[in-house]
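Participant: attaching a predicted model along with its sequence, questions to come.
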Amino acid sequence: SYAWTGGPGFAHSAAAKAGVKNLVETLAVEWAPYGIQVNGLVPGLFPHADLPEAIRGHLERTDDDKASRQPALRVGQARELGWAATFLASPYARFVSGHTMVVDGANWQRRNVVNAPVVPVREQLGRGPYGQ
């Protein structure tokens, strides 16, 4: 999601991602007359078995903390990214083109360099979760 937010020390990565986002938008316009849709997916934190060792080791060291720093209070599951891709490829998204869909539980909207743990609004107000 650095295409929108950038990030200290990641100018090279943010610029590349912004280029890919613009490529999606440009190709969508160019190819729309031919009935071709072009969309992109931006995955958030989706731990999986194929992660490189350096990343996996970092996640394991922060395992207790990583979910609490996501607005959804959890990390994603691979099938959830697959569901987003399936939606974009389905007839339900037939008129969607040029869109880059972020699938990260709203984490990209938190633009802090170091995100503090998320405290749900109801908890801040001294109330329990909904339904209790």
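Facilitator: Done, it's in.

Participant: report all helices and strands that the helix ranked longest in the chain contacts.
Facilitator: Scanning the chain for the longest helix, with DSSP state H as the assignment, gives helix 11-31. Counting contacts by 3 or more Cβ pairs under 8 Å, 6 or more residues apart in numbering; DSSP states H and E, the secondary-structure elements packed against helix 11-31 are helix 2-5, strand 40-43, strand 100-103. Where C-beta positions appear, they are placed from N, C-alpha and C, glycine not excepted.

Participant: make a markdown table from those and add distance to Leu51 and mean pLDDT to it.
Facilitator: What follows is those, written out as a markdown table (distance: least, Cβ to Cβ, whole Å; pLDDT from 0 to 100):
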| stretch | distance to Leu51 | mean pLDDT |
| --- | --- | --- |
| helix 2-5 | 19 | 81 |
| strand 40-43 | 12 | 94 |
| strand 100-103 | 17 | 94 |
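
Participant: possible to save these as TSV with distance to Val121?
Facilitator: As requested, the helices and strands packed on helix 11-31 are exported to TSV (distance: least, Cβ to Cβ, whole Å):
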stretch	distance to Val121
helix 2-5	23
strand 40-43	26
strand 100-103	22
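
Participant: in CSV: those, plus mean neighbour count and distance to Ala49.
Facilitator: What follows is the helices and strands packed on helix 11-31, written out as CSV (neighbours: other Cβ atoms under 10 Å; distance: least, Cβ to Cβ, whole Å):
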stretch, mean neighbour count, distance to Ala49
helix 2-5, 17, 25
strand 40-43, 17, 15
strand 100-103, 18, 19
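
Participant: give me the neighbour count for Gly7.
Facilitator: When counting by other Cβ atoms under 10 Å, one arrives at 12 neighbours for Gly7.

Participant: what about it, is that helix, strand or coil?
Facilitator: Following DSSP: H, G, I helix; E, B strand; the rest coil, the label given to Gly7 is coil.

Participant: same deal with Gly76?
Facilitator: Three-state secondary structure (criterion: three-state DSSP) places Gly76 in coil.

Participant: do I have it right that it meets Val102?
Facilitator: No. Judged on Cβ atoms under 8 Å, Gly76 makes no contact with Val102 at a distance of 11.1 Å.

Participant: between the two, what contacts are shared?
Facilitator: A shared contact of Gly76 and Val102, defined by Cβ atoms under 8 Å, 6 or more residues apart in numbering, is any residue touching both; here these are Gly44.
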